[in-house]
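In: Dropping the sequence and predicted coords here.
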Amino acid sequence: MAFSPQPPGRQQAPGLFGRWQQLAAAVHPLRTRLEQDPYCRLKTYQEVSLAASWGFRLDVNRASPDDWLRLPGLSIHQARLLSQLTATGMQFHCLEDIAAALDWPTSRLTPLAPVLSFYYYGTTGEFPQKTDLNRAAVSELAALPVLTQAQANAIARERQRGPFRDAAEFQARLRVEPELMERLLHYLRF
């Protein structure tokens, strides 16, 4: 038997069904998941549309891989690629830019457009350009405002043992003090 918003034979008060629809939207399972789980993945394009109607947005120029993975159809490799591109200072200005980066037709991204926000951040923004720790020359490392020449040389020597996988490994291998590590995170990419 199908659900009926009112018992048979009863007249519905004007606007009552509209109010019922509002309440149903407020307790929609997807909305609850989005509010409770910051990494909730949208599974369908219909969920993308619903999320957009509730104000869900993704800032494409600040999105992390986890943020990108909330959208249907993106793999971990694609999410990482998009995040790495923006981490190097590149900015996406429109849907076509993202499509070009993924080598996809724009039409494949069109269903995601309602939740994608394209904000421009100037090159002198609050986040400095990050230096690739595993590829930077000693002179590049020494030029960072938080490192001395001796520290840059020590990084280069330790890097000869192999690349640093992440910030935790870097901190452990070089025994970096927590205070310095906090400052380095704003300048280094692993």
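Out: Structure's in. What do you need?

In: Please report how far the closest residue to V115 other than its chain neighbours lies from L74.
Out: Spatially, and ignoring its direct neighbours in sequence, V115 is nearest to A52 (4.9 Å; C-beta to C-beta, 6 or more residues apart in numbering). C-beta: built from backbone N, CA, C; applies to glycine. The gap separating A52 from L74 is 16 Å, by C-beta to C-beta, to the nearest Å.

In: now F92
Out: From F92 to L74 the distance is 14 Å (C-beta to C-beta).

In: And the pLDDT at the residue nearest to V115?
Out: With respect to pLDDT, A52 has a value of 90.

In: Is it within a helix or a strand, and which one?
Out: Per DSSP states H and E, A52 falls inside helix 45-53.

In: Against which helices or strands is that helix packed?
Out: For helix 45-53, the packing partners by 3 or more C-beta pairs under 8 Å, 6 or more residues apart in numbering; DSSP states H and E come out as helix 29-36.

In: name the helices or strands packed onto the helix it packs on?
Out: helix 45-53.

In: what residues are up against F190?
Out: F190 sits next to 133-134, 164-167, 170 when contact means C-beta atoms under 8 Å, 6 or more residues apart in numbering.

In: May I ask which two of those are separated the most?
Out: Spatial extent of the contacts of F190 (C-beta to C-beta) is set by the pair N134 and A167 at 12.2 Å.

In: Backbone dihedrals for I76, both of them.
Out: When read as degrees, to the nearest 10, the backbone of I76 gives phi -60, psi -40.

In: Now do the same contact list for the closest residue to Y45 other than its chain neighbours.
Out: Leaving out its chain neighbours, the residue that sits closest to Y45 by C-beta to C-beta, 6+ apart is P111, at 3.9 Å. For P111, the contacting residues are 45, 48-49, by C-beta under 8 Å, 6+ apart.

In: will you turn those into CSV that also has neighbour count and pLDDT?
Out: CSV is the format used below for the contacts of P111 (neighbours: other C-beta atoms under 10 Å; pLDDT from 0 to 100):
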residue, neighbour count, pLDDT
Y45, 15, 95
V48, 23, 93
S49, 13, 92
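
In: Which one of these is nearest to A63?
Out: Nearest member of those to A63, counting by C-beta to C-beta, is V48, at 14.6 Å.

In: Provide a list of residues in contact with the closest one.
Out: Residues in contact with V48 (C-beta under 8 Å, 6+ apart) are 42, 71-72, 111-112, 114-115.

In: of those, buried ones?
Out: With neighbours counted using 16 or more other C-beta atoms under 10 Å, the contacts of V48 contain these buried positions: 42, 71, 111-112, 115.

In: Test my guess that I98 contacts L109.
Out: Yes. The pair I98 and L109 qualifies as a contact (C-beta atoms under 8 Å) at a distance of 5.9 Å.
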